[in-house]
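K.L.:
curious how this folds, go ahead:
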Amino acid sequence: MRPGFSCGACILLLGSKFVLDSRNSGDSFLGHICDAAGNFVPADTVPPPLTSRQLGDWMPYHSLQEFETAEFLYRKVQISAGDIDKLMHLWGLSLTQHGDAPPFADHLDLYSTIDKTPVGDVPWQSFSMKYSADVDPVSNPTPWMDATYTTWFRDPRTIICNMLGNPDFKDEIDYMPYREWKGPGDADEIAKDETMHGSTFIPVILGSDKTTVSVATGQNDYYPLYASIGNVHNNVCHAHRNAVAVIGFLAIPKTTKKHSDDPRFRKFKKQLFHSSLSRILSSFKPGMSVPKVVQFGDGHFRRVVYGLSPYIADYPKQVVLACVIQNWCAKCFAYPDNLDSGEGGLRSREVVDTLCEEVDSGVLWHEWGVISDVIPFTNDFACADIHQLLAPDILHQVIKGAFKDHLVAWVEKYLEKEHGKTCAKEILDDIDHQIAAALPFAGLCRFPQGHGFSQWTGDDSKALMKVYLPAIEGHVPQDIIRCFWAFHEFCYIVQQDTIGEDTLLWLSDCLESFHCYQKIFQDTGSRFNGFSLPRQHTLCHYLMLIHLFGALNRICSSITESKHIKAVKEPWRRSSKFNALGQMLLTNQRLDKLAMSHSDFTACRMLDTSYISDHFAYLERSCARNIHALADELGVLNLPRLVQLFLFDQLLADDTHTFDNVPLSACPRFEGRVKVFSSAAASFYAPSDPSGVGGMRHEHIHATPSWRQGPARNDTVFVNTASEDGINGMEHTRETFPCALVHWFKAIVNEPNPDTGMWMVQPSFHADSSRELSIIHVDTIIHACHLIPIFDSDFTPENLTLHNVLDIWLNFYVNRFVDHHTFEIAS
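P.N.:
Next up is the predicted model:
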């Protein structure tokens, strides 16, 4: 039997809040405050100071200027050591005549100052391992058997304590479970211990993903290990605000091609990985059975209990983590040639350990997909089951896997089989043309040459997913369109910030529809081997995973992949490339110290973080300065009349009189000065999308006669037209009204298209064919809208581009899938 602790129920997550999967723990982890000795104190107790720093104490810096210079040079622009020396020399020359000196003498002075930072200092440590099995002295041992493999790490418990004590998170962290899900299973073993009651549970989220920094200069691979906590809200992780930290760089055993398939080498690689994880995470063990006292960002002390929570990894790494055979599911025992049969029960630590004790290793391999001679790292921790802890990988399994590698590829096979290679290429060219004609939108990658390129990133796959469905309509059967619609719905639902019971029913219906309509690929011969694909099969487990983890958008590998940039790729580029890892470790340590210093100074009110947070910020352009000149410039001759109606609506309208039924003579006249702006920066709450503080997201809405020295760009927007939410009660001055001239679009029918699930709209015109124009207050603008043309089976006109599509096309879809906020608005 495999060694390890006995396993009770697992402690997991729920969206931006976290949840305990048990029957008896709801009243246990209440996050009561205590003193530094761990004694509970009244809830109204004033917290002790979070820092001993006094106002004006910039230690180890001498002034605000020194700190901001260090932060700007080292973190923001990442200037090289030589350039720092040059900059300080030039700076010094300009200050010498005034008897002053630059903030730092040279790069060594700058680095030394950062290194003296007393907060956020978590030094790097290392340990080494090597192959220890008996080697036949007669046969020559291979090089990998004699090599020593070094793993670098930082104490993860200290890093987690720094996260908990970060004052930036004090309003975006949960100290107690938000909701208890009473699913089937054993009672939580941890919550049975009365010494745990009143504590704060800290679910530790892990993630690892090998990354390559350079191929041209040799295969430079690094294997970072990341950690986060389930208590912080989703938007904190999305905003990359140091809620995800690199805690280690794992060793990567390599050998010659001749020995790469040696079973001993393959087993050693897997066991080295698990043994390294167990060693790195061992500092959590004392805090898993006995509460530890930690000071949080709000200043209060709390008793905390640690537990392993979701592990973020793509499918190949999930296979290694779960110790299963390739093409088997890491969650259940379904056979790889019939994954969706529903006949395989769920894997669990208890079941697998029993199998390893009772069943021959060969039978385990072939009949159960279990690698019995590798011990998962979770066996060294109480209440940890790797099969439950594996998080769903939305990026690699769903978006890059099921969508890009499966569905998009099958569409191309369908076209080739149905129309022949030559005609299929012409159709694919037309699809590419339609994709290239998609209007610009904030955060939307463009495909000016279509989607026929080989090197795909995660962002590329996400962008194609947003515009692909309308582009193939008319070229493929209705069932393929509905298959993509059901799949898109599923993907966007599982990435929502909040998921309720109704959402789960919706998700289940989408999955059922996807499996139903997907059969057309098999019926048409585009897919011969069925749909027993591991990455698609994981979709069947998503409802269970949502019950365990809650909202899944903060435990996706896209978060760890984005962290690669700051933790691996940028530090590598800053290094000398010779023995780069040591330099990369030091860079990460200094960046953490700068981040902690920033938080510390902010908590002491020593940094000015105030900013104007209006709903809209504007960028003025030079043009007409009165309403009549502006009417001539825009070619809207009735603009003065529209302004009068707008002013009546803002100043005089009531329940019985609006601009719709008032004579123009009753409207205020306007002869004042106007200012014209080319864009507005909108701020709105969108926690399901990558967002910033408090779930707020910012985007620019454009209305400019020339975009990037090219043709005009006029964005489309959602407008709140409900009278009860009008702007009469909003604050404004008598002198200034921020407003926008809009051309209205109207719905073609009163329901979404039954095949794509998108609303259909068209430009609105008066009876005399003139455009239906209005002036609206900018506060009625909800969010940018993305329109995409409704294409048919005819090939797209060659003159259609993203610059003229709004002018020459008549019917459009409201693209629900352009971002998650739009998906919620237009659903």
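
K.L.:
all contacts plus neighbour counts: C-alpha atoms, from now on.
P.N.:
Will do.

K.L.:
quick one: what helix or strand has A682 in it?
P.N.:
strand 676-685 (DSSP states H and E).

K.L.:
ok, longest strand in the protein?
P.N.:
strand 301-312 (DSSP state E).

K.L.:
any idea of the mean pLDDT in the next helix or strand after it?
P.N.:
Next in sequence after strand 301-312, counting helices and strands by DSSP H and E, comes helix 315-322. Average pLDDT, helix 315-322: 94.

K.L.:
buried set for the next helix or strand after helix 315-322?
P.N.:
Using DSSP H and E, the helix or strand that follows helix 315-322 in sequence is helix 349-358. Buried positions in helix 349-358, judged by neighbour count with 16 or more other Cα atoms under 10 Å: 349, 352-353, 355-356.

K.L.:
ok, back up a step: strand partners of the strand holding A682, parallel vs antiparallel please.
P.N.:
Counting by DSSP bridges, the strands paired with strand 676-685 are strand 616-621 (antiparallel), strand 696-704 (antiparallel).

K.L.:
ranking those strands by mean pLDDT, which is last?
P.N.:
strand 616-621 (a mean of 56).

K.L.:
CA atoms of the strand holding A682 as CSV?
P.N.:
Taking C-alpha atoms only, strand 676-685 is exported to CSV below (Å, rounded to 0.1, in the frame of the first residue of the first chain):
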residue,chain,number,x,y,z
VAL,A,676,-15.3,67.6,-29.3
PHE,A,677,-13.5,64.4,-28.0
SER,A,678,-12.2,61.5,-30.1
SER,A,679,-12.5,58.9,-27.3
ALA,A,680,-13.7,58.3,-23.8
ALA,A,681,-12.3,55.9,-21.3
ALA,A,682,-15.1,54.0,-19.7
SER,A,683,-14.9,52.3,-16.2
PHE,A,684,-17.4,49.6,-15.2
TYR,A,685,-17.7,46.5,-13.0
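
K.L.:
thinking again about what came up before, could you list the buried residues of the longest strand of the chain?
P.N.:
301-312.

K.L.:
could you dump those into JSON lines and include pLDDT?
P.N.:
Listed next are the buried residues of strand 301-312 as JSON lines, based on pLDDT from 0 to 100:
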{"residue": "F301", "pLDDT": "96"}
{"residue": "R302", "pLDDT": "95"}
{"residue": "R303", "pLDDT": "95"}
{"residue": "V304", "pLDDT": "94"}
{"residue": "V305", "pLDDT": "92"}
{"residue": "Y306", "pLDDT": "93"}
{"residue": "G307", "pLDDT": "91"}
{"residue": "L308", "pLDDT": "92"}
{"residue": "S309", "pLDDT": "88"}
{"residue": "P310", "pLDDT": "91"}
{"residue": "Y311", "pLDDT": "94"}
{"residue": "I312", "pLDDT": "92"}
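
K.L.:
between those residues, which sits nearest K257?
P.N.:
Taking Cα to Cα as the measure, K257 sits nearest to I312 out of the buried residues of strand 301-312, at 29.5 Å.

K.L.:
isn't the closest one up against G207?
P.N.:
Yes. Using Cα atoms under 8 Å, I312 is in contact with G207, at 4.3 Å.

K.L.:
any common contacting residues for the two?
P.N.:
When contacts are counted by Cα atoms under 8 Å, 6 or more residues apart in numbering, I312 and G207 have S557 as shared neighbours.

K.L.:
make sure F273 is indeed in a helix.
P.N.:
Yes. Assigned with DSSP: H, G, I helix; E, B strand; the rest coil, F273 falls within a helix.

K.L.:
related to what we said a few turns ago, mean confidence for the strand holding A682?
P.N.:
Averaging pLDDT along strand 676-685 yields 76.

K.L.:
which residues does N166 contact?
P.N.:
Applying Cα under 8 Å, 6+ apart, the residues contacting N166 are 296-297, 596, 599.

K.L.:
whoops, A826 was the one
P.N.:
758-759, 814, 816 are the contacts of A826 under Cα under 8 Å, 6+ apart.

K.L.:
quick one: it from V818, how far?
P.N.:
Separation of A826 from V818 (Cα to Cα, to the nearest Å): 11 Å.

K.L.:
now do the contacts for E343.
P.N.:
By Cα under 8 Å, 6+ apart, the contact set of E343 is A334.

K.L.:
of the buried residues of helix 349-358, closest to S558?
P.N.:
Ranked by distance to S558 (Cα to Cα), the buried residues of helix 349-358 are led by R349 at 27.6 Å.

K.L.:
by neighbour count, which of the contacts of A826 wins?
P.N.:
Within the contacts of A826, most neighbours by other Cα atoms under 10 Å means R816, with 26 neighbours.

K.L.:
and that residue, what does it touch?
P.N.:
758, 822-824, 826-827.

K.L.:
just want the angle from the longest strand of the chain to helix 315-322.
P.N.:
120 degrees (axes from the mean of the first three to the mean of the last three Cα atoms, to 10 degrees).

K.L.:
could you report the neighbour count for the closest residue to C332 other than its chain neighbours?
P.N.:
Take C332 and drop its neighbours on the chain: the residue closest to it by Cα to Cα, 6 or more residues apart in numbering is L346, 4.1 Å away. Close neighbours of L346, defined as other Cα under 10 Å, add up to 15.

K.L.:
still on that earlier bit, chain center to the strand holding A682: distance?
P.N.:
On the basis of Cα atoms, centre = their mean, to the nearest Å, strand 676-685 sits 24 Å off its chain's mean C-alpha point.

K.L.:
also stretch 52-70?
P.N.:
On Cα atoms, centre = their mean, the centre of stretch 52-70 falls 33 Å from that of its chain.

K.L.:
what about that stretch, start to end distance?
P.N.:
End-to-end for stretch 52-70, by Cα to Cα: 23 Å.

K.L.:
quick check: mean pLDDT across it?
P.N.:
In this model, stretch 52-70 has an average pLDDT of 91.

K.L.:
hmm, who's touching it?
P.N.:
103-104, 110, 113-114, 116-118, 601, 604-606.

K.L.:
wait, V717 sits on C785?
P.N.:
Yes. With contact defined as Cα under 8 Å, V717 reaches C785; the gap is 4.4 Å.

K.L.:
the two: which has the busier surroundings?
P.N.:
Remark: of V717 and C785, C785 carries more neighbours, 22 against 16, as counted by other Cα under 10 Å.

K.L.:
partners of that one in the sheet?
P.N.:
Beta-bridge partners, per DSSP bridges, of C785: T716.

K.L.:
please name the residues that touch it.
P.N.:
Counted by Cα under 8 Å, 6+ apart, C785 has contacts 715-718, 814-815, 822.

K.L.:
rerun that using 7 Å as the cut-off
P.N.:
Counting by Cα atoms under 7 Å, 6 or more residues apart in numbering, C785 makes contact with 716-718.

K.L.:
can I get the residues you listed in CSV with pLDDT and distance to N588?
P.N.:
Listed next are those as CSV, based on pLDDT from 0 to 100; distance: Cα to Cα, whole Å:
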residue, pLDDT, distance to N588
T716, 92, 42
V717, 91, 41
F718, 91, 43
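
K.L.:
take those residues and write them to CSV, including distance to D373.
P.N.:
Converted to CSV, those look like this (distance: Cα to Cα, whole Å):
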residue, distance to D373
T716, 59
V717, 59
F718, 58
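
K.L.:
go through the residues you listed and name the one nearest L543.
P.N.:
F718 (32.0 Å).

K.L.:
list the helices and strands the strand or helix carrying the closest one packs on?
P.N.:
Assigned by DSSP H and E, F718 belongs to strand 716-719. Other helices and strands packing on strand 716-719, by 3 or more Cα pairs under 7 Å, 6 or more residues apart in numbering; DSSP states H and E, are strand 781-785.

K.L.:
sweet, I'm off.
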